[in-house]
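Trainee: coordinates only, sequence not included:
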């Protein structure tokens with residue numbers, strides 16, 4: 001790694017891991033790492049990195065990089081995935097945090113690790129020829145607090161997550177400023193006990209996401225509903241995995257039913273398209289009045305009612321097993 005690249009990574013690491021208020025403070029921190037730099041060079045580096053000053057009521061002005069939308073005190077929460085192939089271990093982070101992650105790895109002095117090379121959102125970790133790869137991955141998972149996310153059909157033991165699921169559904173509805181029907185913990189537990197729910201949890205038992213299915217119109221229609229992912233686990237492909245398991249569960253329990261979903265989310269629409277869903281008017285969905293009663297908790301229910309349940313802000317998406325469509329499964 002060049003002298004400049006090493007210095008830039010160090011600057012990124014320092015700004016990501018703690019509050020830096022002045023360039024003088026940054027210069028002293030770099031010096032403590034054995035990196036000498038002039039004021040002029042540091043100013044050019046900061047400009048190239050896009051560093052800007054932000055304000056905190058309690059701590060005053062501090063430096064931030066473009067990817068840091070909020071104050072960052074712990075880079076551990078911004079590392080998504082670690083994988084090993086041959087003598088190279090690849091760490092994937094949120095954009096702008098690879099330098100900070102590499103700095104933590106270097107300072108941890110992990111046995112079998114020769115060194116690191118950091119980009120913007122990727123760190124290449126070079127391993128010794130006889131390195132214990134399983135041990136290294138275990139150490140890295142612990143260092144960055146990474147826990148494998150398991151997506152499966154929910155069971156009775158998962159009813160303990162009902163409150164968290166309802167809270168996440170409510171928060172998502174507020175963030176989108178569109179319609180997500182309110183659900184109660186009792187309703188969620190009902191779906192879990194009926195074997196009609198899919199849940200995502202970490203190896204440590206932390207809730208990560210949820211979805212459920214419901215049959216309508218004498219089981220001729222099945223709705224895929226309530227897909228949510230906890231904030232901490234967003235951007236890691238969890239929604240796609242939940243959607244896939246929910247789709248498979250729907251096909252298993254109701255192989256002849258038409259599967260539908262109503263949503264305002266572009267990402268959910270895209271996933272549905274990949275599974276063979278197509279956009280349809282509400283008239284092609286179930287006319288079961290009990291289904292539409294479930295929309296009464298939605299903030300846009302008045303719009304739906306005024307349009308005689310034929311249209312609303314949501315888009316209707318339908319999978320018909322009798323259609324001659326080629327279905328693309330993301331995992332194939």
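Mentor: Perfect, I can see it now. Keep in mind that this is a model prediction, so the values were computed, not measured.
Trainee: What ranges does the stretch 151-300 of the chain have for its helices?
Mentor: Here the stretch 151-300 of the chain has its helices, by DSSP state H, counting those that start in this stretch, at 162-176, 185-193, 238-253, 266-274, 289-293.
Trainee: tell me the most buried of those helices?
Mentor: With neighbours taken as mean count of other CB atoms under 10 Å, the helices of the stretch 151-300 of the chain reach their highest mean count in helix 238-253, at a mean of 20. No exception for glycine: its C-beta is placed from N, CA and C like everyone else's.
Trainee: can you give me the angle that helix makes with helix 266-274?
Mentor: If you take axes from the mean of the first three to the mean of the last three CA atoms, to 10 degrees, helix 238-253 sits at 40 degrees to helix 266-274.
Trainee: All the strands of the stretch 1-150 of the chain, residue numbers only.
Mentor: For the stretch 1-150 of the chain, the strands defined by DSSP state E, counting those that start in this stretch occupy 52-56, 60-64, 79-85, 88-93, 113-118, 122-127, 149-153.
Trainee: At the geometric centre of the chain, which residue sits there?
Mentor: The residue lying closest to the centre of the chain (CA atoms, centre = their mean) is residue 234, at 1.5 Å.
Trainee: From residue 17, how far out is that residue?
Mentor: 23 Å (CB to CB, to the nearest Å).
Trainee: Report how many residues lie close to the residue lying closest to residue 92 once chain neighbours are set aside.
Mentor: Once flanking residues are discounted, residue 92 sits nearest to residue 81: 4.5 Å by CB to CB, 6 or more residues apart in numbering. Neighbourhood size, residue 81 [other CB atoms under 10 Å]: 12.
Trainee: give the contact list for residue 81.
Mentor: For residue 81, the contact set (CB atoms under 8 Å, 6 or more residues apart in numbering) comprises 91, 92, 146, 236.
Trainee: ok, so what distance separates the third one from residue 95?
Mentor: Spelled out, that is residue 146. In terms of CB to CB, residue 146 sits 18 Å off from residue 95.
Trainee: With neighbour numbers in mind, choose between these two.
Mentor: Taking other CB under 10 Å, residue 146 and residue 95 do not tie; residue 146 has more neighbours (18 against 14).
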